[in-house]
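> Sequence first, predicted model second:
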Amino acid sequence: MIGVEYSIEKRGEGRCMQQKTVVHVIMMSAGYACFLALNSFSLWGFSLLPETILGREAAEWWSQSLSCANALSFLVLAIMAARLNSCRARFGQITTVLACSLFVVALVCGGCFLLSAVPAILVIGGAAMGAATTCGFFCWVHALAAEGVESAQIKIILGSVLSAVPFLAFLTLDSSIIAAAFFLLLLLNMAILIGLRKASAGEPPAGRGGLSSDTNEVVSSRSGLDSTSSAVAMLKNGLSAFWRPLLCAALVGCMAPAVSLLGSAALGEMPFAWRALMVHSENVLAAALLGVVWIALRHKVNMVKTFTVLFPLLITLFLLFFVWPPVRAIIPYAGGVVFVVCSMTMFVESIAKAEETHSNLGVVYGLFAGVLYLSHYLGSLALAHIDGDALSGETAMMAVSAVLLYGCSLVMFFVARKPSAAPESASPVSENTQCEASPFSADPSERKTRALAAQVGLSERQTEVLALLARGYTLPAIASALYLSENTVRTHTKKIYAALDVHSKQELIERVSKEDG
């Protein structure tokens, strides 16, 4: 009888946990959707939104400064993440404070422009908005990564679909309703980002890879800044390790504005509502496609695989542009779907790469997103300088298609080649290490860990466990990373604690951070 009651009680607890999980997923997805809706001001297809409030000329000032700040701030924050590699919790605090502060600056500048009509104020507001959305992306990538890749995929898909809901206000074409919706989204995002920061300050979820260290590391007793040479080496190693997906991201970024130009030439001037509907349908279609691949088929997708699969579609569309004029109306829509698919894939691949290689997520994501959005901005800038009569007419459109076809083929040639084996001397990891090496192994904390391990006489395996403990990994995460059982990791941990004469993970992290490497 007691066993039956215990079984019923456990089933009840299981159902309760499932319900809490569903509510948590919905709430996180809704929060991410609010951020995406707000961020749509800085995405490729929504430079048209400020037109309904500020006018066409003012919208150009807003969009240009916003796009430039958005692209550059990704790389700036990647450098900052590398400098703060030894105390990643501080990086999360900085991005949250920056995001909320810059959102307020953008809101104030927008209001001041409506009262004074001074272009410089709007330029400052646009730059603040672009940098704020970048900081928001960094906050969200860490929040979604904390629960693992699979959970992040579900929330990204749901958030992308739900992000279309707030834009019902934009379809009214009423400036007051649009301004009210924008203001509400701004307040919601600041509240959500602060909530995410407070949640990440608590205990990290157990057993979900090694990314919990991003929100659970103790700030070093020193300045917390790694040397500039270490940060530069980390960024160089990242570019070297991830050059193939970064090359794909650069091409997709440059291709998007060119495809948009072809679309405007083929479709002409579309009404605002139809343009907004087209962009949102691209988001929903891209989310549906990735939902099938990620969730239904359970395939692991990265930028190289995505580009390889989409390559036949892209070159077919560009070839049909020459021989079958009716297909020209499909090109801008297909290009939009490709860009959304690649941007969502880039988001998830950054999380997966950081988890697999135990790397700094801020650096990985900053490089991926920085290359994608900076190449998009540079492509838009280049087309803007040669726009006009030079790009009007049938010959010019065919020339653009030929350049895109050549670019896709060239990138495909490089990414399809099998990478050559690296020489043994360049291997960033010892032969005894069983987990995949991090491309960001130029980490002073690793030198400190090895110096401390040698000082107290730890074995090679115990040194590896110590390195992961010092980065905030949980025991299940260490077991998964080193392909060991939890009991073995627990035994190593007890010996490490005894050798270092510490009694908690926090004491261990502080001991490592104080060590001179």
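Noted; the coordinates are in hand. Numbers count the residues shown, from 1 in each chain.

> Would you mind listing the buried residues in stretch 74-92?
Buried residues in stretch 74-92, defined by neighbour count with 16 or more other Cβ atoms under 10 Å: 74-75, 77-92. Yep, even glycine has a C-beta here, placed from its N, CA and C like the rest.

> L381: how many residues sit nearby?
Using other Cβ atoms under 10 Å, L381 is surrounded by 13 other residues.

> Is it in a helix, a strand, or coil?
helix (DSSP: H, G, I helix; E, B strand; the rest coil).

> Pull up the per-residue confidence for it.
pLDDT for L381: 86.

> How many residues are close by T463?
20.

> Among the buried residues of stretch 74-92, which lie within helices?
74-75, 77-83, 88-92 (DSSP state H).

> Now for those: which two are most distant?
Across those, no pair lies farther apart than L75 and A89, at 21.9 Å, counting by Cβ to Cβ.

> what sits against the nearest residue to C100 once chain neighbours are set aside?
Closest residue in space to C100, ignoring its immediate chain neighbours: M190 at 4.8 Å, by Cβ to Cβ, 6 or more residues apart in numbering. Contact analysis of M190 by Cβ atoms under 8 Å, 6 or more residues apart in numbering lists 99-100, 103-104.

> Are any of the residues you listed buried, and if so which?
99-100, 103.

> can you pull out the helices in the stretch 301-450 of the chain?
With DSSP state H, counting those that start in this stretch as the criterion, the stretch 301-450 of the chain has helices at 303-323, 331-357, 361-385, 394-415, 444-456.

> nope, the stretch 51-200 of the chain is what I was after
51-54, 56-83, 88-116, 119-145, 149-162, 175-200.

> Just name the most buried of the ones you listed.
helix 119-145 (a mean of 25; mean count of other Cβ atoms under 10 Å).

> Any idea how far it is from the middle of the chain?
Centre-to-centre, helix 119-145 and its host chain are 13 Å apart (Cα atoms, centre = their mean, to the nearest Å).

> What of stretch 146-155?
In terms of Cα atoms, centre = their mean, the centre of stretch 146-155 is found 13 Å from the chain centre.

> Quick one: mean pLDDT over that stretch.
87.

> Could you measure from F339 over to E507?
Separation of F339 from E507 (Cβ to Cβ, to the nearest Å): 48 Å.

> neighbour-wise, which of these two wins?
Neighbours were counted for F339 and for E507 using other Cβ under 10 Å; F339 has more, 24 against 14.

> wouldn't that one be in contact with A258 here?
No - the pair F339 / A258 is not scored as a contact, 11.3 Å apart, by Cβ atoms under 8 Å.

> pLDDT and distance to F242 added to the ones in helices among the buried residues of stretch 74-92, as TSV?
Shown next, in TSV, are those (pLDDT from 0 to 100; distance: Cβ to Cβ, whole Å):
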residue	pLDDT	distance to F242
F74	95	14
L75	92	14
L77	94	17
A78	93	12
I79	91	16
M80	91	19
A81	90	15
A82	88	14
R83	86	19
R88	71	19
A89	74	25
R90	82	25
F91	87	20
G92	85	22
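
> Now render the residues you listed as a markdown table, adding distance to A296.
Converted to a markdown table, those look like this (distance: Cβ to Cβ, whole Å):
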| residue | distance to A296 |
| --- | --- |
| F74 | 31 |
| L75 | 35 |
| L77 | 34 |
| A78 | 33 |
| I79 | 39 |
| M80 | 38 |
| A81 | 34 |
| A82 | 37 |
| R83 | 41 |
| R88 | 34 |
| A89 | 36 |
| R90 | 40 |
| F91 | 35 |
| G92 | 33 |
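
> List the buried residues of stretch 291-311.
Those would be 291, 293-294, 301-307, 310-311, for stretch 291-311 by 16+ other Cβ under 10 Å.

> whoops, I mixed them up, stretch 281-289
Residues 282-287 are the ones in stretch 281-289 that count as buried (16+ other Cβ under 10 Å).

> cool, stretch 407-421 as well?
407-408, 411-412, 415.

> got a list of what the nearest residue to T306 once chain neighbours are set aside touches?
Take T306 and drop its neighbours on the chain: the residue closest to it by Cβ to Cβ, 6+ apart is T345, 5.0 Å away. T345 is in contact with 290, 301-303, 306, counting by Cβ under 8 Å, 6+ apart.

> Return the closest of those residues with respect to G457.
For the contacts of T345, the nearest to G457 is N302 (41.1 Å; Cβ to Cβ).

> For P439, report the pLDDT, please.
Note on P439: pLDDT of 43.

> ugh, wrong one, C248
So C248 comes in at 93 (pLDDT).

> circling back to that earlier point, lowest-confidence one in the buried residues of stretch 291-311?
Among the buried residues of stretch 291-311, V301 has the weakest pLDDT, 84.

> Pop out the phi and psi values for that residue.
As for V301, its main-chain torsions (degrees, to the nearest 10) stand at phi -120, psi 140.
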